[in-house]
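**Q** For reference, the sequence and a predicted model appear below.
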Amino acid sequence: MEHKPEKRICQNCKKDFTIESEDFNFYEKIKVPPPTFCPECRLIRRLVWRNVRSLYKRNCGLCNKSLISMYPDKDEAPVYCSDCWYGDKWDQFINGKEYDFSKPFFEQLKELFKINPRFYSYKFGRLINSEFTNFSTDNKNAYLSYSVIGSEDVLYSENINKSKNSVDCFSVNKIDGCYFNIECESNYNTDFAVISNNCIDSYFIYDCLNCQNCCLSSNLRNQKYIFKNEKISKENYEKAVAALRLDTYSGRKDAENYFSDLIANKTIHKYAFIYNAQNVSGDYIYNARNIKKSFILGESENIAYSFRVLDRVRDSYDLLGIGFDCELIYESMAATSNTYKDFFCYITIQGSRECEYSLILKNCSNCFGCVGLTNAKYCILNRQYSEKEYFGMVEKIKKHMMEMPYIDKKERVYKYGEFFPYDMSPFGYNETVANDFFLISKEIISANGYNWKDPKERNYNITKDSTKLPDAIKEVSEDILDEIISCPNHGNPIVQCTTAFKITPAELQFYKQKNLPLPRYCPNCRHYKRLSFMNSPIFYNRTCMCKNTTHNHQGKCTTEFETSYAPEREEIIYCEECYNKEIY
Ligand SMILES: [Zn+2]
Ligand SMILES: [Zn+2]
Ligand SMILES: [Zn+2]
Ligand SMILES: [Zn+2]
Ligand SMILES: [Zn+2]
């Protein structure tokens, strides 16, 4: 039966949202009721579970080994190290409980999650010298980097795939020898590059493809020796770049100011950064097809309302941090490696199949409301059932969830078909990726009934004021490695400022080799600066701003599109056709 699109009112923000015909088809196919929260509020509900940057020193609950954990030290649930987690010193069913039909399901799951042991962090595969990472798989020498996969010598970066020898990057794929690259792919030795691919030896470039030796320029294709968007001789180019003094903090500040003005006022922005893709809406999408309202996604198909998806994910809705051969996933966070038909889950990895409302599972199938299981089957609230009992019970529980839903303090109702309630997350809103893309004040966080985390007490013995650091890298000696440097943001909790920072030997070597001055802000403040070059996953209907009389349109172009550039923003935004006429 063909469904007509329907308008609903979101339980959280009270605004209306539309459930499209194809959305109804998807919900019917996987037998879940349609959502009662809008796509944005659903995304935030998943994002409050994605704490990648806030790490805590804790001890393993079994062997007492010291760990860097993503779970707060004050949490009741113990965290276990890798050896203990997969070892035989504990019984993973120890907290198993019979389902209680006198209490809402989420209350029972919350209780289990609150006490059950957890795997200490999200770290899998071969990790060499990469202790200070999270959401980290198969890395070598990664440091204070998060959501990093198959990379080497990567420092202070986030959302990094298959990259090498790079510092201070965000959302990059296959880059090498790069500094401050944002949403880039296959760059080599680029410094300050934003939405630029296949570029070499370039500085301060925005929306450039296949360029070499370009500086302070935007909207370039297949160019060499371009300075401030003008073609000049190799000799003059080298002189102009040298005159910028990019080896000094003051020189870079001037370059950054020029660059900001260039992006805001002299660059044509395509309505979205989408390439090599068909039938796609959203932003930062490559090598994909049939994608709706998604953000930071590559190599996947038939996906809607998702954020950070990579490498062969198919036929799924409402994803967050999903990758590597996953299919039919709905409302889940961090499902990877051959996960199939998992709904409403948090961290289900390596062959997880048909699990619902479960957290931290490895290679489990048909588990409902379980926490921290490996190789388990037919379990509910960590209790073992026979195959036949299991399916009968799940049916009854789903019905019970409809009849006795969980209602949170803000009167939001959670029946079967909703992701975990906001108040179940063990993290503060302000320490998760929610804060990175939907930055709101402490007051609004509390008013919405999201968790708030007060900043950690930090009493560093600061030995160096960051404003007193040498301007040029050549004036920096090895002594800097002993200094504790103050961050000018003084611990501002909204950007997770750590108040102070140190320079590591690997980092100093990188700056010396690349002729880059020392940074003056802590790694978290630098992360938020990079985010200022990205849009947020909120989509607006807008019209092309092109007035070029040589194009096919008469007067102003009337093409409409969905864009993550908010209507009040001043950048020049074009539709695909007008953009292609001007840029290629
Ligand atoms: Zn909403
Ligand atoms: Zn242990
Ligand atoms: Zn800071
Ligand atoms: Zn147009
Ligand atoms: Zn036009």
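**A** Looks like it arrived, so ask away. Ligands and ions are numbered 1, 2, ... in the order given.

**Q** Can you report how many residues neighbour whichever residue of the stretch 451-584 of the chain sits closest to ligand 1?
**A** Ligand 1 sits closest to Ile538 of the stretch 451-584 of the chain, with a gap of 10.9 Å, by Cβ to the ion. Any C-beta I mention is one placed from the backbone N, CA and C, and that applies to glycine too. Ile538 sits with 16 neighbouring residues when counted by other Cβ atoms under 10 Å.

**Q** Who are the contact partners of it?
**A** Ile538 makes contact with 40, 564, 566, according to Cβ atoms under 8 Å, 6 or more residues apart in numbering.

**Q** can you rerun that using 7 Å?
**A** 40, 564 (Cβ atoms under 7 Å, 6 or more residues apart in numbering).

**Q** and it, helix, strand or coil?
**A** On the three-state scheme (DSSP: H, G, I helix; E, B strand; the rest coil), Ile538 is labelled coil.

**Q** pLDDT wise, what is it at?
**A** pLDDT, Ile538: 96.

**Q** Can you give me the distance of it to ligand 4?
**A** Here Ile538 is placed at a distance of 22 Å from ligand 4 (Cβ to the ion, to the nearest Å).

**Q** what does Met545 give?
**A** Distance, Met545 to ligand 4, using Cβ to the ion: 8 Å.

**Q** for that residue, helix, strand, or coil?
**A** Met545 is classified as coil under three-state DSSP.

**Q** Residues of the stretch 251-400 of the chain that sit close to ligand 1?
**A** Contacts of the stretch 251-400 of the chain with ligand 1, taken as Cβ under 5 Å from the ion, are absent.

**Q** Pick out the residue of the stretch 251-400 of the chain closest to ligand 4.
**A** Closest residue of the stretch 251-400 of the chain to ligand 4, Cβ to the ion: Tyr271 (8.9 Å).

**Q** which phi and psi does that residue have?
**A** Dihedral pair for Tyr271: phi -50, psi -20, per degrees, to the nearest 10.

**Q** gap between the residue of the stretch 451-584 of the chain closest to ligand 1 and Phe295?
**A** Per Cβ to Cβ, to the nearest Å, Ile538 is found 9 Å from Phe295.

**Q** One more: Gly96?
**A** 38 Å.

**Q** Can you get me a residue count around whatever residue of the stretch 201-350 of the chain ends up closest to ligand 1?
**A** Taking Cβ to the ion, ligand 1 has its nearest neighbour within the stretch 201-350 of the chain at Tyr305, 12.1 Å off. Close neighbours of Tyr305, defined as other Cβ under 10 Å, add up to 26.

**Q** ok, back up a step: please say which of Gly96 and Phe295 ends up with more neighbours.
**A** Taking neighbours as other Cβ under 10 Å, Gly96 and Phe295 compare with Phe295 leading, 24 against 17.

**Q** So what pairs up with the more buried one in the strands?
**A** Asp283, Phe307 (DSSP bridges).

**Q** wouldn't it be in contact with Pro537 here?
**A** Yes - with contact defined as Cβ atoms under 7 Å, Phe295 counts as touching Pro537 (3.8 Å).

**Q** I figured the residue of the stretch 201-350 of the chain closest to ligand 1 hits Lys293, correct?
**A** Yes - between Tyr305 and Lys293 a contact is recorded at 5.4 Å, counting by Cβ under 7 Å.

**Q** which residues do these two both contact?
**A** Taking Cβ under 7 Å, 6+ apart as the criterion, Tyr305 and Lys293 both touch Pro39.

**Q** Distance of the residue of the stretch 201-350 of the chain closest to ligand 1 relative to ligand 3?
**A** Remark: distance between Tyr305 and ligand 3 (Cβ to the ion) = 33 Å.

**Q** Kindly report the same for Arg383.
**A** Going from Arg383 to ligand 3 by Cβ to the ion gives 46 Å.

**Q** quick one, what contacts that residue?
**A** By Cβ under 7 Å, 6+ apart, the neighbours of Arg383 are 93, 96-98.

**Q** So which residues of the protein form helices?
**A** Using DSSP state H, the helices of the chain run over 21-29, 39-47, 82-86, 105-115, 234-243, 249-265, 387-403, 433-437, 442-447, 505-514, 523-531, 576-583.

**Q** list the helices and strands the fifth one packs on?
**A** If you count contacts as 3 or more Cβ pairs under 7 Å, 6 or more residues apart in numbering; DSSP states H and E, helix 234-243 packs onto strand 224-227.

**Q** Run me through the strand neighbours of the strand it packs on, direction for each.
**A** Applying DSSP bridges to the sheet, strand 224-227 is found paired with strand 212-221 (parallel), strand 230-231 (antiparallel).

**Q** Distance from it to the middle of the chain?
**A** When distances are taken as Cα atoms, centre = their mean, to the nearest Å, strand 224-227 is centred 33 Å away from the chain's centroid.

**Q** returning to what we had before: who touches both of Phe295 and Pro537?
**A** Common neighbours of Phe295 and Pro537, using Cβ under 7 Å, 6+ apart, are Phe307.

**Q** Burial check on the closest residue in space to Ile274 that isn't next to it in sequence, number of neighbours?
**A** Using Cβ to Cβ, 6 or more residues apart in numbering and skipping the chain neighbours, the partner closest in space to Ile274 is Ile285 (4.7 Å). Other residues near Ile285 come to 24 when the count uses other Cβ under 10 Å.

**Q** To ligand 2, which of the helices of the chain lies closest?
**A** helix 82-86 (3.2 Å).

**Q** What lies in contact with the closest one?
**A** By Cβ under 7 Å, 6+ apart, helix 82-86 touches 60, 62-63, 119, 374.

**Q** try stretch 195-204
**A** If you take Cβ under 7 Å, 6+ apart as the criterion, stretch 195-204 is touched by 183-193, 205-216, 241, 246, 255, 259, 273.

**Q** which among the residues you listed end up buried?
**A** Buried residues within these, counting neighbours by 16 or more other Cβ atoms under 10 Å: 183-193, 205-209, 211-216, 241, 246, 255, 259, 273.

**Q** Run a quick neighbour tally on the closest residue to Gly417 other than its chain neighbours.
**A** With sequence-adjacent residues excluded and distances taken as Cβ to Cβ, 6+ apart, Gly417 is closest to Pro33, at 4.0 Å. Here the number of neighbours of Pro33 (other Cβ under 10 Å) works out to 13.

**Q** so what's the backbone phi/psi at Pro33?
**A** Taking degrees, to the nearest 10, you get phi -70, psi 150 for the backbone angles of Pro33.

**Q** again with Asn229
**A** Note on Asn229: backbone dihedrals following degrees, to the nearest 10 are phi 60, psi 20.

**Q** contacting residues around it?
**A** So Asn229 contacts 217-218 (Cβ under 7 Å, 6+ apart).

**Q** right, and the residue of the stretch 251-400 of the chain closest to ligand 4 touches Cys575 too?
**A** Yes - in this structure Tyr271 lies within contact range of Cys575 using Cβ under 7 Å: 6.1 Å.

**Q** okay, those two: which has more neighbours?
**A** More neighbours surround Tyr271 than the other of Tyr271 and Cys575, with 25 against 22 (other Cβ under 10 Å).

**Q** quick one, what contacts that one?
**A** Neighbouring residues of Tyr271 by Cβ under 7 Å, 6+ apart: 561, 563, 573-575.

**Q** what do you get for Phe192?
**A** Counting by Cβ under 7 Å, 6+ apart, Phe192 touches 180, 203-204, 259.
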